[in-house]
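Enquirer: below is the structure, and that's it, no one-letter string:
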């Protein structure tokens, strides 16, 4: 017994020694990492200083801002880091197309600044210490960005400018300042995550008071500020500086604006301050009828921009407010999406507003297209759409995509994805019993031209979506080169012989046309997928090696859907549904 106790004590001592050693190694590694980070910061500062010395001042100064803003004193700003430079390229392409000159792009790191300068983009250094990589939503880096954004607003107002500031994934598609001028007494105008449009008329008013309630968050991805909002902006700036890694700029903005409640008429204090003046009379008459409200304790006038013209991700890609109304939007912001940056790119490509080089439209090996297949019995099932009905509709379309992707990748072509039809909306929380996000219009479903990320996550196309697929709208894109447009107008159309084996593949490989159209591919793939598997009944189309290569190439391609309406949960249907390209 004594020997057992001694042995146990020895084991415990050895374990404690190992723990101490691990703790020491961990502490040493942490110290090394702190030293590395300090060195990286010193190098970054030195690199930036060298850049300033080489190319002149890169800071945003009052003089530079005033020159950019021009005589009207109106300045458009966005900002970007190295890893999102392609978003900046697209943002810049649109403001240049609009022939706007009163804009600048802020760079949050030295590499972004250098790249923007090389591309001839009017830019400035924001001199942050933010990482060059991803700013995951809710992360300390994501929150730390807020104080830099608010600092830009504060500076512009201090210099007497009117400023519109957008996230780099909030594209500017129409000149915004003329629209903002309709509300000269507004201190700020902001977009919103309110999911329906209440303004009523094309290019009409701001959203009404239903879009400002506690259940409808302001979205600060696209905003306008004037000097009268300075008290609000100063406190906003101060609060973010107090806790830059913990406080969220959008949340803080909403809290401050709603302090003391929102009033859709001038508060007594404001009216008394300008009693008897024309401004007071105009404000009293205008604020209630024109959609402005008084916030921040009744001291700053603001409003919510119309969702059908200043679109968030749900407004444009799901309920499709602008398209249904025939109104060209001023902005599209890729909120309410489910694929990270790759998902945002793909959505903007679907909308034909993303800027790609000419070779994107004419890839090596050419394109493969096919007719989409969304049977009416699945889109409008007897008894109405449900979670199970939605899953059946999506899996039917996924089977067609799997067959088409297997064929396209084997032939060395890029697959032009079909437009999807979704039976239900998608969200991070339960949908309403109407099958949409609570607050969204019931008529939004079924969703025609449904975003790909409602079925598959574009980020799971490795190494990138570009390597394998193109968006459904590719061949209608006005950026399509002339030669490819001609090829798309007269594609090589040929039906598939699903049991043709190697001879059929050889026939398809011999097609040299840039666009190969296979009209019966969806019907064939959804009827019986054995045609694409080696050894299928009567002999598969692909060899065992070809099918195995397809499975390896797309092993990670998956997505998911959530979350079932309460009525479906009560009927025992699943809360969420997963989709995988190899398991349908």
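Expert: Looks like it came in fine. Remember, it's a predicted structure, so these values are computed and weren't measured experimentally. Residues are numbered from 1 along each chain as shown.
Enquirer: per-residue pLDDT, the spatially most central residue of the chain?
Expert: Taking CA atoms, centre = their mean as the criterion, residue 334 is the residue nearest the geometric centre of the chain, at 3.1 Å. Looking at residue 334, its pLDDT is 98.
Enquirer: just to check, it is in contact with residue 166?
Expert: No: counting by CB atoms under 8 Å, residue 334 sits too far from residue 166 to count as a contact (11.7 Å). Backbone N, C-alpha and C define where each C-beta goes, glycine included.
Enquirer: so how far is residue 485 from the residue nearest to the centre of the chain?
Expert: Between residue 334 and residue 485 the computed distance is 27 Å (CB to CB, to the nearest Å).
Enquirer: residue 61 too?
Expert: Note on residue 61: its distance to residue 485, by CB to CB, is 46 Å.
Enquirer: and for residue 557?
Expert: 30 Å.
Enquirer: for the stretch 351-500 of the chain, which segments count as strands?
Expert: Ranges of strands in the stretch 351-500 of the chain, per DSSP state E, counting those that start in this stretch, are 367-370, 414-416, 420-422, 447-450, 469-470, 492-493.
Enquirer: adding distance to residue 580, mean neighbour count and mean pLDDT, write those strands out as a markdown table.
Expert: Below are the strands of the stretch 351-500 of the chain laid out as a markdown table (distance: least, CB to CB, whole Å; neighbours: other CB atoms under 10 Å; pLDDT from 0 to 100):
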| stretch | distance to residue 580 | mean neighbour count | mean pLDDT |
| --- | --- | --- | --- |
| strand 367-370 | 21 | 26 | 98 |
| strand 414-416 | 17 | 22 | 98 |
| strand 420-422 | 16 | 23 | 98 |
| strand 447-450 | 18 | 19 | 98 |
| strand 469-470 | 16 | 25 | 98 |
| strand 492-493 | 31 | 14 | 97 |
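Enquirer: out of these, which is closest to residue 74?
Expert: Taking CB to CB, strand 447-450 is the member of the strands of the stretch 351-500 of the chain nearest to residue 74, at 34.9 Å.
Enquirer: mind giving me the packing neighbours of that closest one?
Expert: Secondary-structure packing of strand 447-450 (3 or more CB pairs under 8 Å, 6 or more residues apart in numbering; DSSP states H and E): strand 420-422.
Enquirer: and stretch 226-242, how far out from the chain's middle?
Expert: Mean-position distance between stretch 226-242 and its chain equals 27 Å (CA atoms, centre = their mean, to the nearest Å).
Enquirer: state the mean pLDDT of that stretch.
Expert: Across stretch 226-242, the average pLDDT comes to 97.
Enquirer: ditto for stretch 129-136
Expert: On average, stretch 129-136 scores 73.
Enquirer: same question for stretch 307-319.
Expert: 96.
Enquirer: sorry, back to before: tell me the contacts of the residue nearest to the centre of the chain?
Expert: Residues in contact with residue 334 (CB atoms under 8 Å, 6 or more residues apart in numbering) are 169-170, 313, 343-344, 347-348.
Enquirer: mind giving me TSV with these and columns for secondary structure?
Expert: Shown next, in TSV, are the contacts of residue 334 (DSSP: H, G, I helix; E, B strand; the rest coil):
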residue	secondary structure
169	coil
170	strand
313	helix
343	helix
344	helix
347	helix
348	helix
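Enquirer: show me what the one helix or strand residue 549 maps to is packed up against.
Expert: Applying DSSP states H and E as the criterion places residue 549 in helix 544-553. If you count contacts as 3+ CB pairs under 8 Å, 6+ apart, helix 544-553 packs onto helix 387-411.
Enquirer: return the set of buried residues in the helix it packs on.
Expert: 387-391, 393-411 (16 or more other CB atoms under 10 Å).
Enquirer: now stretch 254-264
Expert: Judged by neighbour count using 16+ other CB under 10 Å, the buried positions of stretch 254-264 are 254, 256-258, 262-264.
Enquirer: residues in contact with that stretch: which ones?
Expert: For stretch 254-264, the surrounding residues in contact (CB under 8 Å, 6+ apart) are 209, 212, 214, 217-218, 232, 235-236, 239, 287-288, 292-298, 300, 302.
Enquirer: with stretch 543-558 instead?
Expert: For stretch 543-558, the external contacting residues (CB under 8 Å, 6+ apart) are 405-406, 409-410, 456-457, 460-462, 468, 502, 505, 532-535, 540, 542, 578-582.
Enquirer: start and end of stretch 158-171, how far apart?
Expert: By CA to CA, to the nearest Å, the extent of stretch 158-171 from end to end equals 26 Å.
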